[in-house]
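S.K.: please work out how this folds:
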Amino acid sequence: MTLKAVLFDMDGTLVDSESVHFNCWNDVLAKYGICYEEDEFCQRFSGKATLEAAKEVVAHYQLDITPKALAKAKYDYFSEFVSNHLPPLMPYAKEVLLAVKQSGLKMALVTGSARAEALPILKGYGFYTLFDCVVTKDDVVNPKPAADPYLLALNTLNITAQNAIAIEDTHTGVTAAYNAQVRVMAIPNKHTLNHDLSKATVRFENLQQLWQWVQIKL
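M.R.: Numbers count the residues shown, from 1 in each chain. Sure thing, here's the model as predicted:
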């Protein structure tokens, strides 16, 4: 196998945004008298599509709002928030992104976030122009854990799954890459340590370890 591209997830992989998503959810749900604990919420919903999370919340609490409307409220709130409050970077994120770019490998961002959520973060950190393509949930009919986002990235980059690796931190993300037959490198964070990552090819503690592994394969 010749490695030609690295496909990065964003939330929990490049940026420590799970806590931001949690806080935005709690702010949106406060009007309904709902308040989650962070560990409980992130263990349950990290990596899950916003609409799917909204469906669960609406059904569990029997809310008088459609899941689609609740999801939109959260999208809008998060998009506005991160425009002025960038989530912290994950360890070694900037260094590894720059190293991958300098290596000549193609790079794609494949995120379960909406484009309006992802772009303020990518542009805020100056990362947007590093990627050869950016795939968000808005670009596909079936978001993660379906294979569609990764298949779109591969098609856009004009490479096969055998020439790429994916970097993910959640069960949902690992499953999506696996479904697209892309080898998955799992780097769980504090909220996803207990996720089922068994479909990953390799598991690392951080992005620096990942890059060291990639360099050996080049």
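
S.K.: output the lowest mean pLDDT helix or strand found in the chain.
M.R.: The helix or strand with the lowest mean pLDDT-type score in the chain, counting by mean pLDDT, DSSP states H and E, is helix 38-45 (a mean of 87).

S.K.: and that one, how far from the chain's centre?
M.R.: Taking Cα atoms, centre = their mean, to the nearest Å, one finds helix 38-45 lying 16 Å from the centre of the chain it belongs to.

S.K.: that helix packs against which elements?
M.R.: Based on contacts counted as 3 or more Cβ pairs under 8 Å, 6 or more residues apart in numbering; DSSP states H and E, the elements that helix 38-45 packs against are helix 18-29. Yep, even glycine has a C-beta here, placed from its N, CA and C like the rest.

S.K.: hey, C-alpha coordinates of the helix it packs on in CSV?
M.R.: As requested, C-alpha coordinates have been extracted for helix 18-29 and formatted as CSV (Å, rounded to 0.1, in the frame of the first residue of the first chain):
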residue,chain,number,x,y,z
GLU,A,18,-16.8,18.2,22.9
SER,A,19,-17.0,20.4,25.9
VAL,A,20,-18.1,23.3,23.8
HIS,A,21,-20.8,21.2,22.1
PHE,A,22,-21.9,20.1,25.5
ASN,A,23,-22.2,23.6,26.9
CYS,A,24,-24.0,24.8,23.8
TRP,A,25,-26.5,21.9,24.1
ASN,A,26,-27.1,22.7,27.8
ASP,A,27,-27.7,26.4,26.9
VAL,A,28,-30.2,25.4,24.2
LEU,A,29,-32.0,22.9,26.5
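
S.K.: same for it, what does it pack against?
M.R.: For helix 18-29, the helices and strands in contact under the criterion 3+ Cβ pairs under 8 Å, 6+ apart are helix 38-45, helix 67-84.

S.K.: right, and the helix or strand after the first one?
M.R.: Using DSSP states H and E, the helix or strand that follows helix 38-45 towards the C-terminus is helix 50-61.

S.K.: and the angle for that following helix with helix 18-29?
M.R.: 50 degrees (axes from the mean of the first three to the mean of the last three Cα atoms, to 10 degrees).

S.K.: avg pLDDT for helix 50-61?
M.R.: With pLDDT averaged residue by residue, helix 50-61 scores 94.

S.K.: perfect, that will be all.
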